[in-house]
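1. Okay, structure incoming, though there's no sequence with it:
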């Protein structure tokens, strides 16, 4: 595939959905494009790829729709080879109060699903669940304490 055809296919992909450099690099390599960096540079120059924009959308989507915690979102962004400063800026967009509310509602919902009377086992189960969603230990403990205070 020549450079022009690769650029046109890549622009079509970027027009449909936000992509980062590493996503498009993988596609270009799959297509057998020789000048991957040239195509990427042009996509960035013409604003088809913007890693700050991608990171912002990724953080918002994964938090609001998937209800992931900061650690899981950050890990996935690091896997996409985004610079740490861009990741940090995007992560700062998560409102702390909203973050706690999402975690609380997830834990309350999960608590209703657990058919266990032993409080130790319930707490461990909820800790594992929230941890697998990428929430930080301190936030989980605070929300578990709030759940206990609320009688759940």
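-> On my side now, so go ahead. Worth saying up front: this structure is predicted, and the values here are computed from it rather than measured. Numbers count the residues shown, from 1 in each chain.
2. What confidence value was assigned to residue 150?
-> At residue 150, the model reports a pLDDT of 68.
3. With residue 89 instead?
-> For residue 89, the model assigns a pLDDT of 96.
4. residues in contact with it?
-> 52, 55-56 (C-beta atoms under 8 Å, 6 or more residues apart in numbering). (C-beta placed from N, C-alpha, C; glycine too.)
5. which stretches of this structure form helices?
-> For the chain, the helices defined by DSSP state H occupy 3-16, 21-30, 36-45, 51-64, 70-79, 84-91, 96-113, 119-132, 137-149.
6. Top of the contacts of residue 89 by number of neighbours, please.
-> residue 55 (24 neighbours; other C-beta atoms under 10 Å).
7. so residue 99 makes contact with residue 140?
-> No. Between residue 99 and residue 140 there is no contact, the gap being 11.6 Å when judged by C-beta atoms under 8 Å.
8. Quick check: the nearest residue to residue 50 once chain neighbours are set aside vs residue 124, distance?
-> Once flanking residues are discounted, residue 50 sits nearest to residue 44: 7.5 Å by C-beta to C-beta, 6 or more residues apart in numbering. To residue 124, residue 44 is 46 Å away according to C-beta to C-beta, to the nearest Å.
9. which non-adjacent residue is nearest the residue nearest in space to the middle of the chain?
-> In the chain, the centroid-proximal residue (C-alpha atoms, centre = their mean) is residue 73; its distance is 3.2 Å. With C-beta to C-beta, 6+ apart as the criterion, residue 73 has its nearest non-adjacent residue at 5.0 Å, and that residue is residue 62.
10. How about residue 25?
-> residue 36 (5.8 Å).
11. burial count for residue 38?
-> Close neighbours of residue 38, defined as other C-beta under 10 Å, add up to 14.
12. which ones are touching the nearest residue to it once chain neighbours are set aside?
-> Counting by C-beta to C-beta, 6+ apart, residue 38 lies nearest to residue 3, which is 6.3 Å off, once chain neighbours are set aside. Shown in contact with residue 3 (C-beta under 8 Å, 6+ apart): 33-35, 38-39.
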